[in-house]
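1. kindly return the folded structure for what I paste below:
(chains A and B)
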Amino acid sequence: MNIFTFHCGSTALHRLDVRYKTALVCMVSLALLKAGFAGCFVCFLALSWLVYATGISYIHLAAQLKWFILLLGIMFIARSLTVQGTPFFSFFGLVFTHEGLAQGALVVMRFFLVMITGLLFSATTRPADLKSAAQWYLKPIPFVPEKRVAIMISLFLRFLPLILTQAQQISDAVNARCGNLNKNPVRRIRYLVLPLLKKIFLAADSLCLAMDARCYSEDRTDPVFETGKNEMRFLGAGLFLCLVMICPFHIFVKMTFWS
Amino acid sequence: MPPAYPLRPMVNTALFVALISVGAFIAIPIGPVPIVLQNMFVLLAGLILGPAWGLACVGIYLLTGLAGLPVFAGGTSGIGKLFGPTGGYLLGYLPAVLVTGVLSRALGKRLGGDILAAVAGSMVVYAAGVPWLKIAFSLSWGKAVAAGMVPFLLGDAVKIAAAAVIAGKIRPLVKL
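-> Have a look, this model is predicted:
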């Protein structure tokens, strides 16, 4: 498993029309820019439920995201230290402020939620469906060869796991030869990237030959999309979620429970 | 006779899109701040694919991130990231790859020319990213440069050197 791969399933999110799924990701991503703590918490609950409903293991997800979580931790500390305000506590001369901690927590939450939204999207969307959606969205735009772009997106999605696997193998081979002890950064990049690029460009060349041999062209059957109740439900729920996220929470509570 | 179907450049472009995406995840720990290879692959795309296919490569990369795939640095994605405070750097990749490709071709695809082209490309990324950051956070020019450019210059110098060396080695393998 890696974070880019599609996970087989027949849940409502898997079956959702990819055009709606793309639009929903954009909506949630935009709403997160404006969301406060309460909005982020509501979004976290919704995304947690979706992760559970799509059958992705939380432990597996945490294992995949461990380096990103570390990065978020560094971001939180950096933000807590750099924002001016009322001192909260100091540690070896470094002063953490109330405002810095609040801003850091909010930025980290937003990053984390955007990350989970993207992971849910890639885990529940087939590469072929994404290619079809790209073709559909780009069709009205003049001077953009939508079929070629869609083919390149499809190829890109096929190359991702190949590159990750090859990079891991080469990294292991370099470490086995004590390459990790080399302190020269240019050499370290060269020893990792050069063999990786050589391998994958040779693989790409073989792919070209195979596609050429099969007379591959862009004259293929256009995708057919169907909009049903599932799409409308998700669109409604997505709009409601975005509204809750950007609405000041106390106003939302008043509107829902007291009116 | 109809023009030949550009299968090879398309496959190589798709490969570079994948490399740029993976570059956000390949970190080389050389100090407290690791080097992430994303922008090195953007410069390499300009050096190897040239301006037109390089531009297509970065355009598709941004499109996939916009669509929701976690391909931006830190595994993020979406329109909010693309037009957020650091969006200037991402959008700056478009003119950067164009400048790198054009200069590399004009300077004869030699090591010195490739280094100059990659330096120009990096400067274009900062020219788009730093003002965007300044406006997004309402910073002064000094603070925007200090936060959005100075800490990355050393890493960029390493990446530019590596990109120029790698471009010379890889070019003979890439048939466009």
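
2. for chain B, what's the longest helix?
-> Ranked by residue count under DSSP state H, the longest helix found in chain B is helix B:38-67.

3. report all helices and strands that it contacts.
-> helix A:18-34, helix A:127-138, helix A:146-176, helix B:7-23, helix B:79-82, helix B:87-106, helix B:111-137, helix B:153-170 (3 or more Cβ pairs under 8 Å, 6 or more residues apart in numbering or on different chains; DSSP states H and E). For every residue, glycine as well, the C-beta is placed using N, CA and C.

4. name the residue closest to the centre of chain B, please.
-> Per Cα atoms, centre = their mean, the C-alpha nearest to the average position across chain B is that of residue B:42, at 2.6 Å.

5. burial count for the closest residue to it other than its chain neighbours?
-> With Cβ to Cβ, 6 or more residues apart in numbering or on different chains as the measure, residue B:93 is the residue that lies nearest to residue B:42, at 4.9 Å, once sequence neighbours are left out. Burial of residue B:93 is recorded as 29 neighbouring residues (other Cβ atoms under 10 Å in any protein chain shown).

6. contact partners for residue B:93?
-> Counting by Cβ atoms under 8 Å, 6 or more residues apart in numbering or on different chains, residue B:93 makes contact with B:39, B:42, B:58, B:61-62, B:125.

7. for these, give me TSV that also has pLDDT and distance to residue B:154.
-> Compiled in TSV, the contacts of residue B:93 are given as follows (pLDDT from 0 to 100; distance: Cβ to Cβ, whole Å):
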residue	pLDDT	distance to residue B:154
B:39	89	14
B:42	95	18
B:58	96	24
B:61	94	25
B:62	93	27
B:125	93	15
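
8. closest to chain A out of these?
-> Using Cβ to the nearest Cβ, residue B:61 is the member of these that lies nearest chain A, at 8.3 Å.

9. correct me if wrong: that closest one contacts residue B:18.
-> No. Contact status for residue B:61 versus residue B:18: not in contact, 9.1 Å apart, counting by Cβ atoms under 8 Å.

10. so for the residue nearest to residue B:42, what's the pLDDT?
-> Predicted confidence (pLDDT) for residue B:93: 95.

11. next one: it from chain A, what distance?
-> In this structure, residue B:93 and chain A are 16 Å apart, going by Cβ to the nearest Cβ, to the nearest Å.

12. okay, now the residue of chain B found nearest chain A: neighbour count?
-> Of all residues in chain B, residue B:78 sits closest to chain A, at 2.8 Å by Cβ to the nearest Cβ. Using other Cβ under 10 Å, residue B:78 has 29 neighbouring residues.

13. mind listing what residue B:84 touches?
-> In this structure, residue B:84 makes contact with A:33, B:136, judged by Cβ under 8 Å, 6+ apart.

14. what kind of secondary structure is it in?
-> The local conformation at residue B:84, judged by DSSP: H, G, I helix; E, B strand; the rest coil, is coil.

15. for it, phi and psi?
-> Comment: the main-chain dihedrals of residue B:84 come out as phi -80, psi -170, following degrees, to the nearest 10.

16. need the pLDDT of it.
-> Checking the pLDDT column for residue B:84, the value is 80.

17. go on, residue B:27?
-> pLDDT for residue B:27: 59.

18. try residue A:17
-> Residue A:17 is assigned 91 on the pLDDT scale.

19. tell me, how many residues neighbour it?
-> If you count neighbours by other Cβ under 10 Å, residue A:17 ends up with 19.

20. hmm, it is touching residue A:227, no?
-> Yes. Shown here, residue A:17 and residue A:227 form a contact pair, counting by Cβ under 8 Å, at 6.1 Å.

21. pLDDT weak spots in the chain?
-> I went with chain A, as the question did not name one. Within chain A, the stretches falling below the threshold (pLDDT under 70) are A:1-4, A:248-259.

22. try chain B instead
-> Along chain B, the parts satisfying pLDDT under 70 run over B:1-3, B:26-36.

23. same thing but 50
-> Along chain B, segments meeting pLDDT under 50 span B:30-33.

24. ok, how many other residues are close to residue A:138?
-> With neighbours defined by other Cβ under 10 Å, the count for residue A:138 comes to 17.

25. and the residue lying closest to it once chain neighbours are set aside, how far is that from residue B:46?
-> Nearest residue to residue A:138, sequence neighbours excluded (Cβ to Cβ, 6+ apart): residue A:146, at 3.8 Å. Residue A:146 sits 24 Å away from residue B:46, going by Cβ to Cβ, to the nearest Å.

26. returning to what we had before: so what's the residue count around the residue nearest to the residue of chain B closest to chain A when sequence neighbours are not counted?
-> Setting aside the residues directly before and after it, residue B:78 is nearest to residue A:29 in space (Cβ to Cβ, 6+ apart), at 2.8 Å. For residue A:29, the number of neighbouring residues by other Cβ under 10 Å comes to 26.

27. so who does residue A:29 touch?
-> Going by Cβ under 8 Å, 6+ apart, residue A:29 touches A:114, A:117, B:68, B:77-81.
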